[in-house]
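Colleague: here is the input, now give the coordinates:
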Amino acid sequence: MTAGSRGDVAPFTGLGHGLARAGHEVTLVTHGRFEPLAARAGIGFHALPVDPRAELESSRGRALHRSTTGVGKLARVIAMARTLAVEMTDDLVAAARASDALLLSGSVAPLGHAIAEGLSLPSLGLNLQPLAATREFAPPMLGVGSWGTLGNRIAGVGLNLAVEQVFAAALPPVRARLGLPPTGTAAALRARERQGWPVLHGFSPRVVARPRDWRSGLDVAGYWWPYDGDAPLPDDLRDFLEAGPPPVFVGLGSATVPDPARVSAEIVRALRRAGLRGVIQRGWAGLTATGDDMLTIDEVPHSALFPHMAAVVHHAGAGTTAAGLRAGVPAVPVPIQFDESFWAARLVALGVAPRALPLRRLTADTLGAALIRATRDAGCRERARTVGAHIRAEDGAAPVVEAVNRLGS
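Modeller: Model prediction:
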């Protein structure tokens, strides 16, 4: 069960495919627009009623751009998500009634855990970000640097309590319907912690090591990859790749931007100033580029495309960050909101990105300079290759398969 944008869904298609190969019957429960991803992975699907792209393009979604801080953006998205959680509840319950165990992403965990408890089903958390509070870094979703060991811990606890409020309206009727006693959201969070509820995290320990102050039951498994199958690259894209030196990929994933035309123009100017060809992914931001040295594409599996790139410029979402690392190519992260600044900082710390370039600071000059460093620095390229080799050798799905087998024992 998961909710959110494509990046919150795609990793679970590969994980679901792996569980199915291990003999489990798997249903992906998420927004209806992502049903083709489940079909391609050969797993079942149960649709949730909310369309995340429509929400981002609504007046409420566009209001996110008016917040200039991570805290402000998060407050807006929490307010928006409160209503959406209520809309999704009936389908979450219906899907759970047809299941033997629930695997819950961080985006639905508070509600899903209550449903599992009410139906006496075992459950397991599957997080794509390190959401549990720690002294070692500030909450990734706030998009800020460290506040010191005590400040980081306090902020992490406070953020988790705030996220629980997303489900404040949805939880009471669900608990009543399933015969559970009423409880507050803070009490529900404390109960999960006391129970040692198991949560596996879908990122490489080489990228984010397991915090030493995490409780037992919180473990880092390794990346979970979208199921892409063996789909070939489109002919026009393959022709473009073969027509010249390796280009640079530019894409902002499921992020939206206030002025797509301006951002697209700055990107094209930056690439040309750096003497580089570009593959521009349209995405939800609506980026476009024209010219013999530029190609605009729609959805293409990153696993097939990124190894052909000289570098990747992206919004530093968890999934795209992972795909770039696996491909072993340098990056220029352009964080926009939420956890993207956290992943961008990790890329810089790993030495595979010259710098983080927040979208609000992106110009032809700043991006062009970063691209020159990313593509011409031999050390950056070698570090990217080394990290990529380590990540490709990991099997993040195996710990999940083992955990699910334990749930049924």
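
Colleague: okay, buried residues for stretch 84-100 please.
Modeller: Of the residues in stretch 84-100, those buried under the neighbour-count criterion (16 or more other CB atoms under 10 Å) are Leu84, Ala85, Val86, Met88, Thr89, Asp91, Leu92, Val93, Ala95, Ala96, Ser99. No exception for glycine: its C-beta is placed from N, CA and C like everyone else's.

Colleague: list every C-alpha atom in that stretch, with coordinates, as PDB.
Modeller: Coordinates of each C-alpha in stretch 84-100 appear next as PDB, following Å, rounded to 0.1, in the frame of the first residue of the first chain:
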ATOM      1  CA  LEU A  84      -7.200  13.000   0.600                       C
ATOM      2  CA  ALA A  85      -6.500  10.400   3.400                       C
ATOM      3  CA  VAL A  86     -10.200  10.300   4.100                       C
ATOM      4  CA  GLU A  87     -11.000   9.700   0.400                       C
ATOM      5  CA  MET A  88      -8.700   6.700   0.200                       C
ATOM      6  CA  THR A  89      -9.800   5.000   3.500                       C
ATOM      7  CA  ASP A  90     -12.600   2.800   2.100                       C
ATOM      8  CA  ASP A  91     -10.400   1.300  -0.600                       C
ATOM      9  CA  LEU A  92      -7.500   0.700   1.800                       C
ATOM     10  CA  VAL A  93      -9.900  -1.200   4.100                       C
ATOM     11  CA  ALA A  94     -11.400  -3.200   1.200                       C
ATOM     12  CA  ALA A  95      -8.000  -4.200  -0.200                       C
ATOM     13  CA  ALA A  96      -6.900  -5.200   3.300                       C
ATOM     14  CA  ARG A  97      -9.900  -7.500   3.800                       C
ATOM     15  CA  ALA A  98      -8.700  -9.500   0.800                       C
ATOM     16  CA  SER A  99      -5.100  -9.800   2.100                       C
ATOM     17  CA  ASP A 100      -3.100 -12.000   4.500                       C
END
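
Colleague: quick one: mean pLDDT for stretch 151-160?
Modeller: Averaging the model's pLDDT scores along stretch 151-160 yields 93.

Colleague: what comes up buried for that stretch?
Modeller: Taking 16+ other CB under 10 Å as the basis for neighbour counts, the residues of stretch 151-160 that come out buried are Asn152, Arg153, Ala155, Gly156, Leu159, Asn160.

Colleague: picking that back up, so which of the buried residues of stretch 84-100 are in helices?
Modeller: Counting by DSSP state H, the part of those found in helices is Leu84, Ala85, Val86, Met88, Thr89, Asp91, Leu92, Val93, Ala95, Ala96.

Colleague: so which residues of the protein form strands?
Modeller: Listed in chain order, the strands found in the chain under DSSP state E are 27-31, 44-48, 102-105, 123-127, 199-201, 218-220, 248-251, 278-281, 294-297, 311-314, 331-333.
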